[in-house]
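In: Return a 3D structure for these sequence lines:
(one chain, ligands or ions: 1)
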Amino acid sequence: LPGLKDKVAVVTGAGSGIGRAAAIALAKQGVKVCLLDLLNDRTEQVKQELTAMQAQTITVDVDVSDPLRVKQAIDTAAGTWGRLDVVFANAGINGVLAPIEDMKPEDWDHTLFVNLKGTFLCVKYAIPHMKQKGGSIIVTSSINGSRVFSNFGMSAYSTSKAGQIAFAKMAALELARYKIRVNALCPGSIKTHINQSTHPSPELEKVKIKVEYPEGNQPLEHGPGQPEQVADLVAFLASDASSHITGTEIFIDGAESLI
Ligand code: NAD
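Out: You can find the predicted model right below:
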């Protein structure tokens, strides 16, 4: 892909799923990748995978909702290689799933903090490093933030994902003057670990509202999509091949949102 070799990217949530696949896809294109995630062994494994590909990479352990740590991490990435061109703001959680009437305010806050505030912080602290040369910011939202509202108990998640789309569009508008493009991805169901870290509340179980992830519901795939399919889109949006695309929400869902 044009314009990616020797560029520098920060990928959040890089230890798993879509983030890991995107880090690998970018590294294949010659991008130097800062792998940002919560402290865990998986990020170190991804680092080893990238190193085995002869890619330059560093890891930074950060909670994306912590302003000070996010700033330090992004400064570290830009400082290591003297530039920053691509931010993939992808870290996210499903959070606690509960009916609205039973949702604990602190559980609501946690989902919004990680998914929405985390995105804001990564973009905010990347701007000083990107504003001279321009670049591309990609935000992982979801079809749940735009069109698909079928899962009971996911009000906080869907709200955070909708907020990410609005934020990406505002950022595209504000940052166009720096030649920084910003786009939101709306994946459908993708085969990753995210659903294993999800906690339906006892109240949700009690009202017997079944939380269904629509795996197997994608007309194109007859099952969930793969992280690598999203990663290819990330690499395209990071590259100069998408130089006129900004301020959009792009569905990548095998037509799941249409059924
Ligand atoms: P995943 O659980 O495999 O990966 C998410 C990564 O984010 C993990 O490595 C986790 O440690 C990290 N993370 C979580 N909280 C963090 C925090 N506070 N700070 C830093 N890192 C943190 O899940 P995934 O499916 O690859 O999810 C990536 C993104 O894709 C999320 O934003 C998710 O909402 C979105 N998404 C996923 C699907 C799906 O079906 N998998 C669908 C639509 C959107």
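In: Just to check, Ile74 is in contact with Ile127?
Out: No. When contacts are counted by C-beta atoms under 8 Å, Ile74 is not listed as touching Ile127 (9.6 Å). Quick note: C-beta positions are derived from backbone N, CA and C, even for glycine.
In: More neighbours: those two, which one.
Out: Ile74 (28 against 18; other C-beta atoms under 10 Å).
In: Please name the nearest non-neighbouring residue to that one.
Out: Tyr125 (4.5 Å; C-beta to C-beta, 6 or more residues apart in numbering).
In: can you pull the contacts of the one you found?
Out: Contacts for Tyr125 (C-beta atoms under 8 Å, 6 or more residues apart in numbering) come out as Val70, Lys71, Ile74, Asp75.
In: Look up how far Thr80 lies from the third one.
Out: Read that as Ile74. With distances taken as C-beta to C-beta, to the nearest Å, Ile74 is found 11 Å from Thr80.
In: Near Ser141, how many other residues are there?
Out: 29.
In: mind checking how far it is from Val230?
Out: 12 Å.
In: anything in contact with each of the two?
Out: With C-beta under 8 Å, 6+ apart, Ser141 and Val230 have common neighbours Leu185.
In: Note down every partner strand of the longest strand that the chain contains and its orientation.
Out: In the chain, taking DSSP state E as the definition, the longest strand is strand 180-187. Strand 180-187 has the following strand partners under DSSP bridges: strand 135-140 (parallel), strand 249-252 (parallel).
In: and Ser189, which of those strands is closest to it?
Out: strand 249-252 (10.9 Å; C-beta to C-beta).
In: Do you have the strands of the chain handy? List them.
Out: Going by DSSP E, the chain shows strands at 8-12, 32-37, 57-61, 86-89, 96-97, 135-140, 180-187, 199-200, 249-252.
In: want to throw those into CSV with mean pLDDT, distance to the ligand and mean neighbour count?
Out: CSV is the format used below for those (pLDDT from 0 to 100; distance: least, C-beta to the nearest ligand atom, whole Å; neighbours: other C-beta atoms under 10 Å):
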stretch, mean pLDDT, distance to the ligand, mean neighbour count
strand 8-12, 98, 6, 29
strand 32-37, 98, 5, 27
strand 57-61, 98, 8, 19
strand 86-89, 99, 8, 30
strand 96-97, 92, 13, 22
strand 135-140, 99, 4, 28
strand 180-187, 98, 4, 25
strand 199-200, 73, 13, 14
strand 249-252, 98, 9, 18
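In: Serialize these to a markdown table and add fields for distance to His110.
Out: As requested, the strands of the chain are exported to a markdown table (distance: least, C-beta to C-beta, whole Å):
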| stretch | distance to His110 |
| --- | --- |
| strand 8-12 | 16 |
| strand 32-37 | 17 |
| strand 57-61 | 19 |
| strand 86-89 | 18 |
| strand 96-97 | 7 |
| strand 135-140 | 18 |
| strand 180-187 | 21 |
| strand 199-200 | 11 |
| strand 249-252 | 24 |
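In: what's near enough to touch the residue positioned nearest the centre of the chain?
Out: When C-alpha atoms, centre = their mean is applied to the chain, the residue found nearest the centroid is Asn90 (1.4 Å). Asn90 is in contact with Val11, Thr12, Gly13, Ala14, Ile18, Gly19, Ala22, Ile138, Val139, Thr140, counting by C-beta under 8 Å, 6+ apart.
In: farthest-separated two in the residues you listed?
Out: Largest pairwise distance in the contacts of Asn90, by C-beta to C-beta, is 14.8 Å, between Ala14 and Val139.
In: related to what we said a few turns ago, can you tell me which of the strands of the chain is nearest to Phe152?
Out: strand 96-97 (7.9 Å).
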